[in-house]
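Generate coordinates for the sequence data below:
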Amino acid sequence: MPAIGVGDITLHYEESGRGAPVLLLPGSAASGRTWALHQVPALVEAGYRTIALDHRGAGRSGPAAPGLTVAGLVSDAVAVLERVAGGPCRLVGTSMGAYVAQELLLARPELISQAVLMASRARPDTLSRALAAADRVMAGAGITLPPEYDAVNRALLNLSPRTLEDPQSAQDWLDILEMSPTDWAGPAQRAHLDVVVDTDRRAAYRGIRVPVLVLSFADDLVAPEARGRELADAIPQARYVRIPDAGHYGYLEQPAAVNDAILGFFAGA
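Predicted coordinates for the structure are as follows:
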């Protein structure tokens with residue numbers, strides 16, 4: 001797995017395909033390999049070169065020091081764009097990866113030609129603040145939930161009712177989630193706890209001049225559709241697409257619809 005040094009840590013990434021580069025930014029505590037099942041094959045088949053980054057503190061990248069911020073992850077992404085992508089690049093981010101992408105669009109717009117922001121928001125709300133606070137309590141207490149309970153909890157929070165209504169689909173997801181339980185005391189979970197949208201950034205995002213596609217998932221409890229619409233409304237050149245029958249993990253639940261939206265946007269459709 002290729003890597004670059006940034007300061008005193010190593011950032012790992014997976015590169016696939018040839019053509020115009022697309023940087024893929026995953027969500028909190030997730031590896032860049034989350035893109036490998038659906039988005040990477042579709043982008044490579046369409047003629048793009050994908051660069052799937054492991055954020056510091058996650059995957060194979062080096063550990064993150066306490067106090068990690070969105071700005072710190074933006075700096076990491078800039079290093080990858082300048083040293084790996086080699087020029088203006090398309091960008092796709094989901095959840096925390098989208099938060100990083102949004103700030104990158106403000107900080108270094110010359111590095112980005114188009115951006116897709118999935119499962120994101122421009123401001124916090126009551127539930128997002130409560131969820132972030134609860135995550136910090138769990139991490140601080142060092143509690144380890146039974147994998148079976150953790151899997152059910154994550155399924156209810158992140159998946160669409162449509163997915164969970166199908167017995168086989170629900171069981172498949174529960175099996176997957178149970179095999180990768182949340183490590184509340186682990187370095188990745190702790191490192192990314194504070195990388196959240198904790199202030200209203202709508203006014204700032206009016207300064208984004210890069211073409212943007214905002215994708216919201218209709219059944220997303222973590223980043224509700226209304227927050228996605230607000231984000232799109234705040235960005236002057238943003239388009240908005242709603243993906244039905246999808247929760248926070250919508251890019252995994254409805255990959256065909258998500259990939260069609262991404263590729264259509266990149267192609268100018």
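
hey, let's count contacts and neighbours off CA atoms from now on
Will do.

Just give the closest residue to residue 254, not the sequence neighbours.
Nearest residue to residue 254, sequence neighbours excluded (CA to CA, 6 or more residues apart in numbering): residue 246, at 6.4 Å.

Over to residue 15?
Taking CA to CA, 6+ apart as the measure, residue 15 lies nearest to residue 51, with 4.6 Å between them; neighbours along the chain are not counted.

part of a helix, is residue 204?
Yes. With DSSP: H, G, I helix; E, B strand; the rest coil as the criterion, residue 204 is part of a helix.

Quick one: residues in contact with the top helix by length along the chain.
With secondary structure taken from DSSP state H, the chain has its longest helix at helix 126-141. Counting by CA atoms under 8 Å, 6 or more residues apart in numbering, helix 126-141 makes contact with 184, 185, 189, 190, 193, 194, 196, 198, 222, 223, all of which sit outside it.

contacting residues around the next helix or strand after it?
Once the chain leaves helix 126-141, the next helix or strand it forms, by DSSP states H and E, is helix 147-158. With CA under 8 Å, 6+ apart as the test, helix 147-158 has contacts from 164, 173-175, 177-179, 181-182, 220-222, 247-249.

do stretch 30-45 as well
13-14, 16-18, 24-26, 49-50, 52-55, 58-60, 252, 255, 259, 263.

Is it correct that residue 203 is in contact with residue 235?
No. Applying CA atoms under 8 Å, one finds residue 203 not in contact with residue 235, separated by 9.1 Å.

Looking at the two, which is more packed in?
The neighbour comparison of residue 203 against residue 235 (other CA atoms under 10 Å) goes to residue 235, with 24 against 10.

If anything else comes up later, I'll come back, but that's it for now.
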